[in-house]
Structure formats: structure tokens, C-alpha cells
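*Asks:* sequence first, predicted model second:
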Amino acid sequence: MSALAEKLMVTPVDETSGYDTIHELGQQRLMQYGFPDMKTEEWKYTPLRVLEKRAFQDPIEATTALPSWPVDGVVLHFEQGVLTSDPATLPEGVKLSPISPDLLGKKDYDPLYGQREGAFGWLNLAKFKQAWHLEITGDQTVILATTLSKAFEAQVHPRLLIDVAANASLKLIEDQRDQGQGLINIACEINVAEAARVEHVICRQNAESVWIQRTDVDVAKDADYRVSAFDRGGRLTRHDLNVHIKGAGANGEIDGLVLLNDRQHVDWHTEIAHCVGHTNSREAFRFLADGSGVGVLNGRIHIHPDSDDSHSDLNTANLLLSDDARINIKPELEIYSEEVTASHGATIGQLDEGSLFYMRSRGLTEAEGLALLKFGFAAEPMMQIQTPEIREWVLGQLKEVL
Amino acid sequence: MLKIKDLHVSVDEQEILKGLSLEVGEGELHAVMGPNGSGKSTLGYTLAGRDDYEVTSGSIEFDGEDLVEMEPDERAAAGVFLAFQYPVEIPGVNNAYFLRAALNAQRKARGEEEVDGVNFLKMVRESLAELEMDESLLKRAVNEGFSGGEKKRNEIVQMAVLQPKLAILDETDSGLDIDALKLVADGINRLRDGKRSFVVITHYQRLLDYLTPDKVHVLSGGRIVESGGPELAHRLESEGYGHLERASA
Ligand SMILES: Nc1ncnc2c1ncn2[C@@H]1O[C@H](COP(=O)(O)OP(=O)(O)OP(=O)(O)O)[C@@H](O)[C@H]1O
Ligand SMILES: [Mg+2]
């Protein structure tokens, strides 16, 4: 076992939870496969040195104040990764309970997901303390607020399964704020059942913690899943977002915006899989890297065999705002059906001097012009957010930071 | 208003303006004509303060101030406006928002009060109507996907809202249809109040028929090689620039 695995495995897990078989399995697999290193293709641009150097403490009590959100909804607060809200007081249509062990980690054994970057998934299975099952019917708004306080130096492995029932409609805001220096390793599965709709918005602002997240989404027949991620950077963040379109008539969309500055490293690995035909998907992702920020996007479109009439478009445009910033973009198209359309485009550029001069010639100062140019560029993917209040909320935050 | 003396300007170490002198008095409208590549746009960019346009010698005085030392936004606030030959597209930046931000930035720099949304909208709607432009253009990104003519008219809308003291119009008439040309000319004439000055760069005397310039200059090889009244534009239209370049060589 590698030094990293040894360190992370050191605290024993509670074996009275009924999850012991699953914890054991996670542990075995982790030992078998180990942690990725620089030779692991999927982790080539994201070294785990920060993690290796870090010593983890036991979790401590903390109460982080929550911000306000632009829409009313059920707020589930995960303080240091542990649910503090009372699952018994939820309104009708929103049910929260511990995941039954037989539902657990289903995707981790699913050959469809393979062993692509399993280490943190296995680690989560081996070490999670709570695993929640959120079930949605009707028309709901849910806010998942995850906060890591200033004193946070622990490792936590939250696990969540969200089932959105057929014909249901869910607005899901994941508001993630880290001020600490620990490790959070989230595993989240979302099942969007037939003809259900999910508008998912991820708003993230990280400090020194290592933030690892995996979101696996299954989209059933005629269902619609759209996610918009506004990531304001962090010391080391890695998000694997997999959207698997599994029923005809279904649609999946990913929009992302990542802002990076000094000593920040954010890696998004997205995958949109068309598992059947008559399906649509779209992805637009933008990075703005300033200072010594490093951004990584691996955007995969995978059209399975016998998936004719699948249509997919992946577009990424990126801005380097300083000489030290770096952006690594890798679109991957794997297409095994004939009658499909799959397009992709990727650009990395700098702010256009001509545009800046045009703005200044109209009276804007250099700083005002730059901010407006950056805003114009960054806002585009976030304009896709459907609910106007949420869209304005995200754009407002964007304006504040630029 | 504007006094340019023996101006030398280099771009990328290459001298483009080679001793250009030009004086435009208060309330006057001067036309600048000249062959392609003679330095007309270079003059416009230099007046607006573009970074890589280096003034190696000579002087530009505007309203009694030394323009060369000023930043582009300071020049704008002081009242200099350049209508670009090729207006720039700015994706993601709303046209109305941009213009209001520009107006208020100028006003702030001059120590004036900002214009609120309602009054701004009134101003800009008026200008749009005068130029027969659709209001939907306000909601679009600056110049993005605008037709050539719409871009040019948008420059005039900006000018009308920003109310500069000196407007340099770089081939604003190029690419306009006959009706649009008349609208743009009307837009310019509306702003002629006896105080505001104009430098109108053009290849065609058709625009000048509407504007009746006080003076017409010919720019060739980086210098003003001939100046005269409106009749000079007519002569150029029939004779071309051939004889001038030979004469100045
Ligand atoms: N960055 C540059 N480096 C070198 N030469 C340049 C640069 N920019 C402009 N020039 C040259 O300067 C000269 C003058 O260009 P300018 O755009 O001012 O001409 P113009 O009179 O406006 O022409 P037109 O009528 O075609 O608009 C041209 O020969 C052009 O190629
Ligand atoms: Mg020109």
C-alpha cells in the first residue's frame, strides 16, 4: 500500500453501522488499485503532492453561518461533511434516510463506470461515516450546503444518493464553501427517472482543503438534466462529473465556469455518455486562469454502439490572464455509432487588446474595461441557468469577484 | 480646439505619420481624404491614444491640453471620441450596459453626477429612433453579429449619447446604403452646434455633400499634402489621387 493510502486509511471506521461489508470492499479495492500517480493518464495534470504532505486531524465541532439563497427550498447543511439538518422535519416530497446497504455504491461496481479513477471512490466506500438517500417527488427545490470551517483539518467522505422520481422536477443547488485545510471526498449519485427534470447548480469556493468530488448522473427516458457549475477555485480541486444518458428522448447539459488565481489548481473531468440513441447533449466550459492558477478540463463524449440519432456538442473557450497561469484542455470523443453528430471546439487565448482599447476609448478605465471583458467572457456559460433568480444570483457573485 | 503639429507616429518601429500638421477650430468640420494605407486610421487611433501608436515627435494639443500624455479613457472624458473604421465586437457584454457604463465612467471622471437607468434609456432610445435602429440591438452584445451598417450606426448612437467635444469619424460612411448614409449624416449634423468639432475621414464626397465641411484635407504618405474647401473633394472624386502622390514625392 502506498504511503498516501496508509495515511488516509489509518483511522478505523465504525463497524457497527451495517455498512461493514461495503467498507471492507472499499478498503480491499483501494489496496489493490492504489492511488493514482503522474503515470496515471487521468491524473497526469493533477499531482497529489499537497495531499501527501498533509497531516489530518480528527474532525472538530464547528458551526459555520450559512448565506442566503435566491430561492426558497429545503436546506440540507453538511457541516464538515456531516449532516446537521434534521431529516425528520422535511416537507412532503422530500425524503431523507440512510442509504440501505444494498443500494450502496452500485455505480462503483457498474462495468459502465469501469475503474477509470476509482481510488477516491473506493476510499469513500471504505471510510464514509454517513450515507444519505434523498428521494424527490413532485416539484422541489433543495439546497445542499457543504461548509468546511477555518479549523477544518480532517478528512471526510460524504456519500449521497439522490433519486428523482418519474415526472418530478428538482432545482438542486450545491453550495460549497471551504475555509479549511483538510480533505473532503464526496461521492454523489443522481438518478433522474423517466420524464423528470433536474436543474442542478454547483457554486463552489474553496480555500486550502483538497476537494475531491464525484457526481454520477443517470438520465432516464425523456428526462432532462442540466448542470451549471460555478467554481471559484481552490488549492486542489478535482471533480469527476459523469452524465449518462440512458433513455431515448433524454437530454443532458453541462455548463461550467472556473476562475483561478495564485496557488490554485482545479481539475474537471466530465463525461457525457450516450448509452442509447435519440438523445441529446451539450457542454460548454470556460476557465479564466490568473496568477499561477492551473486549470484542467478533460471533456469526454462517449457515444455507445447502437445509439443512432445521438447529438452532442462540446465547446470550451479559455482565457489565460497571466504568464504563469496554465490551462490543459483535452476533449475526448469516443464514437461507436454511425448516425450521430458530435462536434467539439476548444480555444485558449488571451484578453483582446483591441476590445480593451475600444472600451477605454469610450471612457472606461483600464480596470473597468478588463473587469467587463472578463465578465462578458465568463458570464456566457452561466447564462444557461434556467431559473432567473438563480442565474442573477450566480452572475451577481461573478461580478463581485471580477 | 485641435492643434496637431509636425506629428510623427510609429507603429511597430515603422513610421506611418511623417510630419502631419492639422488645425481644427471650435465648431468646425474637417474632412480628411486620402489613398488606402496613407495613415488616416493611424491618425484616428493616435488621437484616441492607442497603446502601440508611438508619438516619436511633434505635438497634439486638444482644448489647450497636451493629448499625448493622456490615457485613452482620460481623453474620452476630456471629450475625444473616435468612431472606429472597424467597430469591435465584445461578446457577452450587453450593448446598453456598456454604453451606460462608459457614459457614467466619463461623467465620474469629470466630477459629474451619474445618469440613472431611466434617463439613460430615454437618451439612448431617442438616438436609436433617429438612426432608425431596432431597440433589440440594445439587448445584444456590443456589435456582436451586427451587420456592417448596424455597427457603423451604433458608433453614431454612442457618439450621440456621449456628446464629445471632438469626434473623429473613421470611414463611418463606408458600407452604408444610401438611406443609412443620410441617417448618419443627419446624426452628425444634429450634433453640430457651433462648438463641437469633427474630423471626418472618408473616401467619398457623397457624405460631404450632406455635411458641407469647412475644410477638406488630403492625407498622403503620412502627411497632409493639400488642403482646400469642399470643392477639393469634388476634384478628387473626378481626378483621383495620382497627381498628388507624384507632387508630394
Ligand atoms: N501594426 C502595424 N505594423 C506595421 N504597419 C502597420 C501597422 N498598422 C498599420 N500599418 C501600416 O500603416 C499604414 C497606414 O495604415 P492606416 O490604417 O492608417 O491607413 P488608412 O489611411 O486608414 O487606410 P484605409 O483607407 O485603407 O483605411 C498602412 O500601410 C498599414 O499597413
Ligand atoms: Mg483606415
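*Replies:* Now that the structure is in, tell me what you want to look at. Ligands and ions are numbered 1, 2, ... in the order given.

*Asks:* got the residues of chain B near chain A?
*Replies:* Within chain B, the residues that sit near chain A (CB under 8 Å from any CB of the partner chain) are B:48-51, B:71-73, B:75-77, B:81-82, B:84, B:87-93, B:98-99, B:101-103, B:105-106, B:109, B:141, B:158, B:162. C-beta: built from backbone N, CA, C; applies to glycine.

*Asks:* filter those to the buried ones?
*Replies:* Listed as buried from those are B:48-50, B:72-73, B:75-77, B:81-82, B:84, B:87-93, B:98-99, B:101-103, B:105-106, B:141, B:158, B:162; burial here means 16 or more other CB atoms under 10 Å in any protein chain shown.

*Asks:* show me the contacts for residue 234.
*Replies:* All of this is about chain A. A:178, A:204, A:205, A:206, A:207, A:208, A:209, A:211, A:264, A:265, A:266 (CB atoms under 8 Å, 6 or more residues apart in numbering or on different chains).

*Asks:* meant chain B actually
*Replies:* By CB under 8 Å, 6+ apart, the contact set of residue B:234 is residue B:205.

*Asks:* and whichever strand or helix holds it with ligand 1, contact?
*Replies:* Using DSSP states H and E, residue B:234 maps to helix B:230-239. No: judged by CB under 6 Å from any ligand atom, helix B:230-239 stays clear of ligand 1, getting no closer than 13.3 Å.

*Asks:* quick one on the thing from earlier: could you dump the contacts of residue A:234 to CSV with secondary structure, distance to residue A:19 and neighbour count?
*Replies:* Formatted as CSV, the contacts of residue A:234 follow (DSSP: H, G, I helix; E, B strand; the rest coil; distance: CB to CB, whole Å; neighbours: other CB atoms under 10 Å in any protein chain shown):
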residue, secondary structure, distance to residue A:19, neighbour count
A:178, strand, 26, 25
A:204, strand, 28, 22
A:205, strand, 31, 17
A:206, coil, 28, 23
A:207, coil, 30, 17
A:208, coil, 30, 20
A:209, coil, 25, 25
A:211, strand, 23, 25
A:264, coil, 34, 25
A:265, strand, 32, 22
A:266, strand, 31, 27
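
*Asks:* tell me the one among those residues nearest to ligand 1.
*Replies:* residue A:264 (35.7 Å; CB to the nearest ligand atom).

*Asks:* hang on, the closest one packs against residue A:288?
*Replies:* No: the criterion here is CB atoms under 8 Å, and residue A:264 misses it with residue A:288 at 11.4 Å.

*Asks:* of the residues of chain B next to chain A, which ones also sit close to ligand 1?
*Replies:* By CB under 6 Å from any ligand atom, no member of these lies near ligand 1.

*Asks:* among these, which are in helices?
*Replies:* Among these, the members falling in helices (DSSP state H) are B:48, B:72-73, B:75-77, B:98-99, B:101-103, B:105-106, B:109, B:158, B:162.

*Asks:* whatever residue of chain B ends up closest to ligand 2 in helix, strand or coil?
*Replies:* Across chain B, the shortest distance to ligand 2 (CB to the ion) belongs to residue B:41, at 3.1 Å. Secondary structure, DSSP: H, G, I helix; E, B strand; the rest coil: residue B:41 is helix.

*Asks:* now it: how far from residue B:9?
*Replies:* 11 Å (CB to CB, to the nearest Å).

*Asks:* the two: who's more crowded?
*Replies:* The neighbour count for residue B:41 versus residue B:9, taken as other CB atoms under 10 Å in any protein chain shown, is higher for residue B:9 (23 against 19).

*Asks:* what's opposite that one in the beta bridge?
*Replies:* Here residue B:9 sits in beta bridges with residue B:17, residue B:55, as judged by DSSP bridges.

*Asks:* I'd say it and residue B:19 touch.
*Replies:* No: using CB under 8 Å, residue B:9 is not in contact with residue B:19; the gap is 10.1 Å.

*Asks:* check the secondary structure at residue 181 for me.
*Replies:* You didn't say which chain, so I picked chain A. Secondary structure for residue A:181, judged by three-state DSSP, is coil.

*Asks:* ok, it - contacts?
*Replies:* Neighbour list for residue A:181: A:54, A:152, A:153, A:207, A:208, A:209, A:235 [criterion: CB under 8 Å, 6+ apart].

*Asks:* ok, 10 Å please
*Replies:* Going by CB atoms under 10 Å, 6 or more residues apart in numbering or on different chains, residue A:181 touches A:50, A:54, A:56-57, A:148, A:150-154, A:207-210, A:235.

*Asks:* equivalent analysis for residue A:337, please.
*Replies:* Taking CB under 10 Å, 6+ apart as the contact definition, residue A:337 lies against A:274, A:276, A:277, A:303, A:304, A:305, A:306, A:307, A:308, A:309, A:310.

*Asks:* for ligand 2, see how far away the last one is.
*Replies:* In this structure, residue A:310 and ligand 2 are 49 Å apart, going by CB to the ion, to the nearest Å.

*Asks:* could you give the bridge partners of the closest residue to that residue other than its chain neighbours?
*Replies:* With CB to CB, 6 or more residues apart in numbering or on different chains as the criterion, residue A:310 has its nearest non-adjacent residue at 3.9 Å, and that residue is residue A:274. For residue A:274, the beta-bridge partners are residue A:245, residue A:303 (DSSP bridges).

*Asks:* isn't residue A:274 up against residue A:300?
*Replies:* No: using CB atoms under 10 Å as the test, residue A:274 is too far from residue A:300 to be in contact (11.5 Å).

*Asks:* comparing these two, which shows the higher neighbour count?
*Replies:* residue A:274 (30 against 18).
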